[in-house]
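S.K.: A predicted structure for the sequence below; I have some questions about it.
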Amino acid sequence: MILIDMWWQLDVHTLLSMGYVSILILGLTVFIVTLRRGFVDLWTWSLANLTVLAFFVLITVYKYSPSPFFAATYYILSLLGLFCFIATSEALLTEVISKRKFLAGMGVTITFPVGLSFIFEERWLQTAFIMLAAAIICGYESIMIARLRRRSLMKNGAWNLVVIFAIGAFIFAATAVLMTFGALKPSLGLSLEALENIGIFNTIILSISLNLSFVLILTMGLESAITAKVYELGKSRDDLQILYEAFTQTAGSVDLEGLIPRILDLLSHRLSVDMSALYLRERGGDTLTLLAQRGLDADAIGALIGTEQNISLAWQSYIENRASIRMIRDYPEGLLKEALTKLELNIFGGFPIATQGEALGSLTIGYKDASMLDASRISLLETMSFQLGIVVKAANLHEELTSANKRLDILASTDALTGLANRRAAIRVFEREAARARRDSGLIVVIMCDIDHFKLVNDENGHDCGDFILANTAATIMQSVRTTDVVARWGGEEFLIILGKCEPSDVVVLAERIRKQVEASAWDFFGKRLSVTITLGCSICSAATDGDKAISIADEALYEGKQNGRNRVVIRPCACIPPSSLAVQADE
């Protein structure tokens, strides 16, 4: 016993120096970590180190001024530091600190030592009770951490704290027992100062061990957080790559028939989607049309486009214009549920294809594994469906614009009264036929027609009647020409006929047929029977002839026919056409 007493008669200042150094180094580290981050709630850790540091300062002061006030404060700080370390354990392991439990513990650690100083005057009794209280607290915390760890309610690193608190509880309890025996049996030679040094030494080792263990737990937590962040960044990178591929395919595309299958293939390849289907709203209606699908069989497709379409998730997301998630068990009983169950699909997501609040369709995907459709994937699919909405809207606008341009082109090249090609369109057709004639070494054939005495018709019957005659004459001419010929209204009562590929002899036959057909026609205009005749001038030119020249020749031939009595055909062939062959054909 004397040897034990001599061993613990160490200079307390040596022990205090060890405590100061450890608390200053580790406490400063904790303080810096607390300021730079709050990975968890670390203020209790800083408070624990500050309290223990103050505890060592008071020990030094107490050696030179052993007043009851310093003794009570010394006891308070010893328990308060221990309690703050325990609170830090909960913060690091469970990331939760009960405020009610913390305030209650603070109250006990403050009032218990003060009560001891009033109840017991002997210093060894006060110290023994404090040591015993510290032992009980450490032992209780060790048991609680062990129980929680077994139930997997705490993280890795808990067993380190179990061992540290268990050892601390044993030393505190042993010190309290030795103090009791030393006070009751002075013959053992155990001085109070030596036993207090044991408690101080235990406090130093306990605080250093806890600090090191906390740093280890915090490091493990940071490593876990970094690993999770790296995983999250990797997943975000994959999601961005998928979005990039989707945007690359959809950017500037208006070909929905080619684009949509590529998007569904991308979903199958990059998101491991087991089933996908894309619907678009019918133009001018409010029903959905299945444009493309992956992973469905004939029974499922029949149910989706048949009588059960309105219970599908695609219809729900389209009507509600928001993303919807549904398990297969939530589908109503019927053909659709039966078909999807047969495909072993378990979870489905419906994402509206919309832009600016306008619902245009729906994208539906399905997985066999319900865990595949997590929050990250839902967000990615929402972004993709939004992008599809923009593309679909652009494709619809492009189609409308194309249709409008076609109508405008028709209007711009059509005479409103007769429905024939107008002068502008006639020139375009003439240039095309002239180019063909040059390629084939053929002929350019143009017929200019004019209604005889048309001014007299207008003067006697009015312009409405004149328009009536123009429209019916144009219809008669159209019925008389071939499908390869083009008839245009050249201006006023004049018509230009551009003949496709034909022989010179065919020109006379065709021109006479037109003239006779118009002459034989008669039309009723408000009870008045009307008929007209036309004069035709034809030019037959080689491919080398200038276009304006060919039309000018036909116009001269028309003028000649007008001068020679009207209601006739005048042919102006080029030098390569023998006039005798034309005359024979005309006689025939």
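M.R.: Looks like it came in fine.
S.K.: walk me through the domains of this protein.
M.R.: 2-227, 256-407, 423-587 (automatic domain parsing).
S.K.: nearest to residue 415, of those domains?
M.R.: Of all these, domain 423-587 sits nearest to residue 415, with 4.2 Å by Cβ to Cβ. (C-beta placed from N, C-alpha, C; glycine too.)
S.K.: mind putting the domains of the chain in JSON lines, mean neighbour count, mean pLDDT and distance to residue 414 included?
M.R.: Below are the domains of the chain laid out as JSON lines (neighbours: other Cβ atoms under 10 Å; pLDDT from 0 to 100; distance: least, Cβ to Cβ, whole Å):
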{"stretch": "domain 2-227", "mean neighbour count": "17", "mean pLDDT": "66", "distance to residue 414": "72"}
{"stretch": "domain 256-407", "mean neighbour count": "17", "mean pLDDT": "84", "distance to residue 414": "10"}
{"stretch": "domain 423-587", "mean neighbour count": "17", "mean pLDDT": "85", "distance to residue 414": "7"}
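S.K.: mind putting the ones you listed into JSON lines with distance to residue 416?
M.R.: Converted to JSON lines, the domains of the chain look like this (distance: least, Cβ to Cβ, whole Å):
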{"stretch": "domain 2-227", "distance to residue 416": "75"}
{"stretch": "domain 256-407", "distance to residue 416": "13"}
{"stretch": "domain 423-587", "distance to residue 416": "10"}
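S.K.: who wins for proximity to residue 417 among those domains?
M.R.: domain 423-587 (5.8 Å).
S.K.: you'd agree residue 290 is in a strand?
M.R.: Yes: counting by DSSP: H, G, I helix; E, B strand; the rest coil, residue 290 is part of a strand.
S.K.: would you say residue 272 is within a strand?
M.R.: No: judged by three-state DSSP, residue 272 forms no part of a strand; its state is coil.
S.K.: quick one: contacts for it?
M.R.: Taking Cβ atoms under 8 Å, 6 or more residues apart in numbering as the criterion, residue 272 is in contact with 367, 372.
S.K.: now do the phi/psi pair for it.
M.R.: Torsion angles at residue 272 (phi, psi; degrees, to the nearest 10) stand at phi 50, psi 40.
S.K.: if I look at it, how far off is residue 147?
M.R.: To residue 147, residue 272 is 41 Å away according to Cβ to Cβ, to the nearest Å.
S.K.: and if you look at residue 353?
M.R.: 54 Å.
S.K.: in PDB, list the C-alpha atoms belonging to stretch 160-176.
M.R.: This file holds the C-alpha atoms of stretch 160-176, laid out as PDB (Å, rounded to 0.1, in the frame of the first residue of the first chain):
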ATOM      1  CA  ASN A 160     -14.800   2.600 -29.000                       C
ATOM      2  CA  LEU A 161     -16.900   4.800 -26.800                       C
ATOM      3  CA  VAL A 162     -18.400   1.800 -25.000                       C
ATOM      4  CA  VAL A 163     -14.800   0.700 -24.000                       C
ATOM      5  CA  ILE A 164     -13.700   4.200 -23.000                       C
ATOM      6  CA  PHE A 165     -16.700   4.900 -20.800                       C
ATOM      7  CA  ALA A 166     -16.500   1.400 -19.300                       C
ATOM      8  CA  ILE A 167     -12.800   1.900 -18.300                       C
ATOM      9  CA  GLY A 168     -13.600   5.400 -17.000                       C
ATOM     10  CA  ALA A 169     -16.400   4.100 -14.900                       C
ATOM     11  CA  PHE A 170     -14.200   1.400 -13.500                       C
ATOM     12  CA  ILE A 171     -11.400   3.800 -12.500                       C
ATOM     13  CA  PHE A 172     -13.800   6.400 -11.000                       C
ATOM     14  CA  ALA A 173     -15.500   3.600  -9.000                       C
ATOM     15  CA  ALA A 174     -12.200   2.100  -7.800                       C
ATOM     16  CA  THR A 175     -11.000   5.600  -6.800                       C
ATOM     17  CA  ALA A 176     -14.200   6.200  -4.800                       C
END
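S.K.: now what about it, what contacts it?
M.R.: With Cβ under 8 Å, 6+ apart as the test, stretch 160-176 has contacts from 89, 93, 128-129, 131-132, 134-139, 141-142, 145-146, 149, 195, 198-199, 202, 205-206, 209-210, 213, 216-217.
S.K.: do stretch 519-528 as well
M.R.: Contacts of stretch 519-528 (Cβ under 8 Å, 6+ apart): 461, 465, 468-469, 472-473, 476, 529-531, 533-534, 567.
S.K.: in helices only, show me the contacts of stretch 160-176.
M.R.: Taking DSSP state H, the ones among these that sit in helices are 89, 93, 128-129, 131-132, 134-139, 141-142, 145-146, 149, 195, 198-199, 202, 205-206, 209-210, 213, 216-217.
S.K.: and the strands in the chain?
M.R.: 275-281, 288-294, 324-327, 347-355, 358-367, 443-451, 486-491, 494-498, 523-525, 528-530, 534-542, 569-573 (DSSP state E).
S.K.: tabulate those strands in CSV, adding columns for distance to residue 512.
M.R.: Formatted as CSV, those follow (distance: least, Cβ to Cβ, whole Å):
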stretch, distance to residue 512
strand 275-281, 56
strand 288-294, 55
strand 324-327, 74
strand 347-355, 62
strand 358-367, 59
strand 443-451, 11
strand 486-491, 16
strand 494-498, 13
strand 523-525, 22
strand 528-530, 23
strand 534-542, 9
strand 569-573, 6
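S.K.: so what's residue 468 up against?
M.R.: Contacts of residue 468 (Cβ under 8 Å, 6+ apart): 523, 525, 530.
S.K.: closest one of the residues you listed to residue 343?
M.R.: For those, the minimum distance to residue 343 (Cβ to Cβ) is 68.2 Å, reached by residue 523.
S.K.: who does that closest one form a beta bridge with?
M.R.: residue 530 (DSSP bridges).
S.K.: shift numbering so it begins at 97
M.R.: Let's use 97 as the start, then, which means that last one is residue 619.
S.K.: what's near enough to touch residue 437?
M.R.: With Cβ under 8 Å, 6+ apart, residue 437 has these contacts: residue 424.
S.K.: what's the spacing between it and residue 462?
M.R.: Where residue 462 is concerned, residue 437 sits at a distance of 11 Å (Cβ to Cβ).
S.K.: which residues are common contacts for these two?
M.R.: Here residue 437 and residue 462 have no joint contacts, going by Cβ under 8 Å, 6+ apart.
S.K.: doesn't residue 573 make contact with residue 609?
M.R.: No: using Cβ atoms under 8 Å, residue 609 makes no contact with residue 573, being 10.2 Å away.
S.K.: quick one: which of the strands of the chain is nearest residue 361?
M.R.: Using Cβ to Cβ, the nearest of the strands of the chain to residue 361 is strand 384-390, at 7.3 Å.
S.K.: partners of that closest one, with directions?
M.R.: strand 371-377 (antiparallel).
S.K.: quick one: the strand it pairs with to strand 443-451, angle?
M.R.: On the basis of axes from the mean of the first three to the mean of the last three Cα atoms, to 10 degrees, strand 371-377 is oriented at 30 degrees to strand 443-451.
S.K.: contacts for strand 371-377 next, please.
M.R.: Contacts of strand 371-377 (Cβ under 8 Å, 6+ apart): 352, 356, 359-360, 363-364, 383-392, 400, 410, 414, 439, 441, 444, 449, 455-463, 484, 488.
S.K.: please redo it, this time with the cut-off set to 6 Å
M.R.: 356, 360, 363, 384-391, 410, 441, 456-462 (Cβ atoms under 6 Å, 6 or more residues apart in numbering).
S.K.: kindly export it (C-alpha atoms) in PDB.
M.R.: The C-alpha trace of strand 371-377 is given here as PDB (Å, rounded to 0.1, in the frame of the first residue of the first chain):
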ATOM      1  CA  MET A 371     -41.400  -0.600 -70.600                       C
ATOM      2  CA  SER A 372     -41.900   2.800 -72.300                       C
ATOM      3  CA  ALA A 373     -44.700   4.300 -74.300                       C
ATOM      4  CA  LEU A 374     -45.200   7.700 -75.800                       C
ATOM      5  CA  TYR A 375     -48.600   9.200 -76.600                       C
ATOM      6  CA  LEU A 376     -49.400  12.400 -78.400                       C
ATOM      7  CA  ARG A 377     -52.700  14.300 -78.600                       C
END
